[in-house]
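Student: Okay, structure incoming, though there's no sequence with it:
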């Protein structure tokens, strides 16, 4: 009895469940519709039932037909044919379904090229609206031969823009696109064209390769030997993607440093992938068409889909969630069904069916369903997802109008558990040898060893490379967000030969005092300049004529200021003293003489008014200070010999047919001939910085041409007897050299700018440009003293003089008025006496 009491609640629960299910079944049968529905039309379906996408599309279309028939009490048929993943079988299926099923419209993964092929065999395809669910269908422009062709898949142009936006956000400069060969659902070349154009906008380039399922491992081995580590898998089936990532994991290509991105074709099917396959895809990033999965209609459809899919394909029941492709197939079927019912009410059925489909406007499971020019016109958005653990999570959202969502990317799990952004390439694989260091060429025979110096230590059997350019490169590499192993390789050729070695991939980069030239950009790429430069001419300096050296003590402005202020002070003093002091009775002569004598404190006129003394006192102080400065500067100029260039400009060199020198390994020698027009016979090539003074002394050369950094080093080393002359020519500066398309260029340039912004480059420059002597070029810049150092004294003295002038003028004006009044009173008194 006790056991029966324990089982009673369990039996009651089973009974209630059975009654509920029975009631639900009764309600399902009781749909308030007549027992027999009239057949109003037939919609043909053509999908690849051998693929996951095709299976989902078939199930979704069947659910849509069932839901529509139930809601409208109509009867629509849905004959479905298998395309078997072949264009030829797809064309055959179209002919079969038209001839045998009398369908009014067709829905399937058909491209316009496939339909055009069928239309040449049977003209009836031109009278049947065909709704394509193939993304690549929009690659082919609208054709008048297929006026009833409608495209309802996601926009591959927007998908390519989204992929490019991801690549651009992480600043990867090169990607490799992988696609499944002979995948009839895609037009790979069309998509790659869209992707290439989109990547070009974000300064990235594309390389692509096609895989067959039987040669995945061989193709992956080829990719592993290349430098690029960013792969985009697109236009492929989920079955191919599972195989690809399984092989990639076994080959170590899902480890740190690799980047894998999958397009919507694969990312939208991640829910159907089992846990074992997901484990091979850890760290993968994907773009996934976005839709609302929290609505009531989606929840109901999901339940129906899982139940039906699990019953038809029980081996896949565990992973039977619908993808975006199922939602689009459901919406397409619903849109065509509504159009067929609407067109049945018209007299000209075929003529209006396409119009009714194109005018469809409703909110479907995949989003807003509206058409424009034969394609969906709704704004599409894509989720950016990251595969982690047993599933994936959203890390960003991208739309065609606003780009990435605010806040941009969330935390990302990269392959191999890497925490920071992978650089996206591997220089050690460029020759197919993992672990090889970056081969950086340096000039071994440069004329200026301050920039690059190569020493061979025979006892230790090693090469030491030092110098300013090398120090800058080391500092730059330290600031990269990743490790960059490298080794310096000395080059005994010219700088152009060094460029050629980088161009033909013998070297991976070049470091040195290499000038950035336009013609070199045809073969290599340069980093941001780490040192600005111009082309300058250095000549010997000769003594300047010292007869008039005293006039150069002060600038012209200073002489004018002194003269004007001296005359003004003399005028004010004369104006104050002339009524009281007989020494100032002579008008112009007295004033000018006083202005001159007061400069040297030899004036003999005694001042009788305090106001004049007040004006003159600060002027005496000014004269004292200015005189002392004049004496000191004149002494300095007469002690240090004044030098000037022996040759003023290039025109003089060419006119007098003089010999010039230049670095043998530099571009300058050819530049002098090609650009400046100097005769080749007048150019002498020099090997070392120490040879230039010898050539100048023996008068074998009259001038030497350097880039500005070299000229500064030369003048700092040989202080006396040389100076820069003539106009300069702006050049591109010194930069590091890389092969065309090298992803290093951007990161190296950014690190150089960081060094410049924090002042580290300036600190490094001090080591090569510092000197214990002042160059003659600095002396030439000294053109005398100006009025600026004495401006405060001039202002005070002038202000006092102006104030005294105003006081004197007011006094004299008052005295004249008083004198006039006295004269008038006296005149009146005399008149009264006479009368």
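Tutor: Happy to help now that I have it. Keep in mind that this is a model prediction, so the values were computed, not measured.

Student: gap between stretch 158-166 and the chain center?
Tutor: Its chain's C-alpha centre and that of stretch 158-166 lie 17 Å apart, by C-alpha atoms, centre = their mean, to the nearest Å.

Student: ditto for stretch 90-97
Tutor: How far stretch 90-97 lies from its chain's middle: 50 Å, per C-alpha atoms, centre = their mean.

Student: quick check: mean pLDDT across that stretch?
Tutor: For stretch 90-97, mean pLDDT is 87.

Student: Please enumerate residues in contact with it?
Tutor: By C-beta atoms under 8 Å, 6 or more residues apart in numbering, the residues outside stretch 90-97 that reach it are 44, 46, 79, 81-83, 103, 106, 108-110, 114-115, 117-118, 121-122, 125, 184. In this view, the C-beta of every residue, glycine as well, is placed from N, C-alpha and C.

Student: list the contacts for residue 684?
Tutor: By C-beta under 8 Å, 6+ apart, residue 684 lies in contact with 659-662, 695, 700-701.

Student: now the residues you listed as a markdown table including neighbour count and pLDDT?
Tutor: What follows is the contacts of residue 684, written out as a markdown table (neighbours: other C-beta atoms under 10 Å; pLDDT from 0 to 100):
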| residue | neighbour count | pLDDT |
| --- | --- | --- |
| 659 | 17 | 91 |
| 660 | 25 | 92 |
| 661 | 23 | 91 |
| 662 | 24 | 90 |
| 695 | 17 | 90 |
| 700 | 13 | 89 |
| 701 | 23 | 90 |
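
Student: can you give me the mean pLDDT across the helix or strand hosting residue 71?
Tutor: Here residue 71, judged by DSSP states H and E, is contained in helix 52-72. For helix 52-72, mean pLDDT rounds to 91.

Student: next helix or strand past that helix?
Tutor: As assigned by DSSP H and E, the chain's next helix or strand after helix 52-72 is strand 75-77.

Student: helices and strands around that following strand, which ones?
Tutor: strand 39-47, helix 52-72 (3 or more C-beta pairs under 8 Å, 6 or more residues apart in numbering; DSSP states H and E).

Student: partners of that strand in the sheet?
Tutor: Strand 75-77 pairs in its sheet with strand 39-47 (parallel), by DSSP bridges.

Student: Quick one: mean pLDDT for the partner strand?
Tutor: Strand 39-47 comes out at a mean pLDDT of 87.

Student: If we go by neighbour counts, what in that strand is buried?
Tutor: 40-47 (16 or more other C-beta atoms under 10 Å).

Student: Format those residues as a markdown table; extra columns: distance to residue 375.
Tutor: Converted to a markdown table, the buried residues of strand 39-47 look like this (distance: C-beta to C-beta, whole Å):
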| residue | distance to residue 375 |
| --- | --- |
| 40 | 27 |
| 41 | 24 |
| 42 | 25 |
| 43 | 20 |
| 44 | 21 |
| 45 | 20 |
| 46 | 20 |
| 47 | 20 |
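
Student: Closest to residue 235 out of those?
Tutor: Set against residue 235, the nearest of the buried residues of strand 39-47 by C-beta to C-beta is residue 47 (17.2 Å).

Student: Can you get me a residue count around residue 370?
Tutor: 14 (other C-beta atoms under 10 Å).

Student: and residue 574, helix, strand or coil?
Tutor: Going by DSSP: H, G, I helix; E, B strand; the rest coil, the secondary structure assigned to residue 574 is helix.

Student: Show the pLDDT at it.
Tutor: pLDDT, read off for residue 574, is 76.

Student: returning to what we had before: now the helix holding residue 71: buried residues?
Tutor: 52-65, 67-69.

Student: And for stretch 677-689?
Tutor: 678, 682-684, 686, 689.

Student: Just the ones in strands from those, please.
Tutor: 683-684, 686 (DSSP state E).
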